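**Student:** sequence unknown, structure follows:
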């Protein structure tokens, strides 16, 4: 993993972005935030499992489905299976050592909550 502080590469409204093998963060403080970086590392693992491009296609498609489902951009983003896994485990610094492959599938819930 390569951690890069790049204020102008991060879209407005976001603090970080993982694009295998890089983690881009907007602010120096986020580069030092272990929980934030761990969240992005979980995304790197997900990307590696899906061979990067399919990850981003799935991510976008699932976001669109969630947007129709929730009619709210923040709720749509928070309910993407990749984000649900990352948020649920970002404080567990041992998570990636013991994580089974494709575990994000357990966070895929197509029911309307």
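**Tutor:** Sure thing, it's come through. Since we're looking at a predicted model, the values are computed, not measured. Residues are numbered from 1 along each chain as shown.
**Student:** quick one: the strands in this structure?
**Tutor:** 2-5, 16-19, 22-25 (DSSP state E).
**Student:** go through those and name the closest to residue 60.
**Tutor:** Among the strands of the chain, strand 16-19 comes nearest to residue 60, with 13.8 Å by CB to CB. For glycine as for every other residue, the C-beta is placed from the backbone atoms N, C-alpha and C.
**Student:** helices along this protein, start to end?
**Tutor:** Assigned by DSSP state H, the helices in the chain fall at 28-31, 34-49, 53-70, 73-78, 81-89, 95-98.
**Student:** now render those helices as a markdown table, adding mean pLDDT.
**Tutor:** Shown next, in a markdown table, are the helices of the chain (pLDDT from 0 to 100):
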| stretch | mean pLDDT |
| --- | --- |
| helix 28-31 | 96 |
| helix 34-49 | 98 |
| helix 53-70 | 97 |
| helix 73-78 | 96 |
| helix 81-89 | 98 |
| helix 95-98 | 97 |
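**Student:** got TSV for the ones you listed, with mean neighbour count too?
**Tutor:** Below are those laid out as TSV (neighbours: other CB atoms under 10 Å):
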stretch	mean neighbour count
helix 28-31	14
helix 34-49	18
helix 53-70	14
helix 73-78	14
helix 81-89	19
helix 95-98	12
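**Student:** between those helices, which gets nearest to residue 13?
**Tutor:** helix 73-78 (9.1 Å).
**Student:** so how far is that closest one from its chain's centroid?
**Tutor:** 12 Å (CA atoms, centre = their mean, to the nearest Å).
**Student:** what is it packed up against?
**Tutor:** Other helices and strands packing on helix 73-78, by 3 or more CB pairs under 8 Å, 6 or more residues apart in numbering; DSSP states H and E, are helix 53-70, helix 81-89.
**Student:** can you give me the angle the shortest one makes with helix 53-70?
**Tutor:** Comparing the axes of helix 81-89 and helix 53-70 via axes from the mean of the first three to the mean of the last three CA atoms, to 10 degrees yields an angle of 90 degrees.
**Student:** just checking, what packs against helix 81-89?
**Tutor:** helix 34-49, helix 53-70, helix 73-78.
**Student:** got CSV for those helices, with distance to residue 89 too?
**Tutor:** Formatted as CSV, these follow (distance: least, CB to CB, whole Å):
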stretch, distance to residue 89
helix 34-49, 6
helix 53-70, 17
helix 73-78, 14
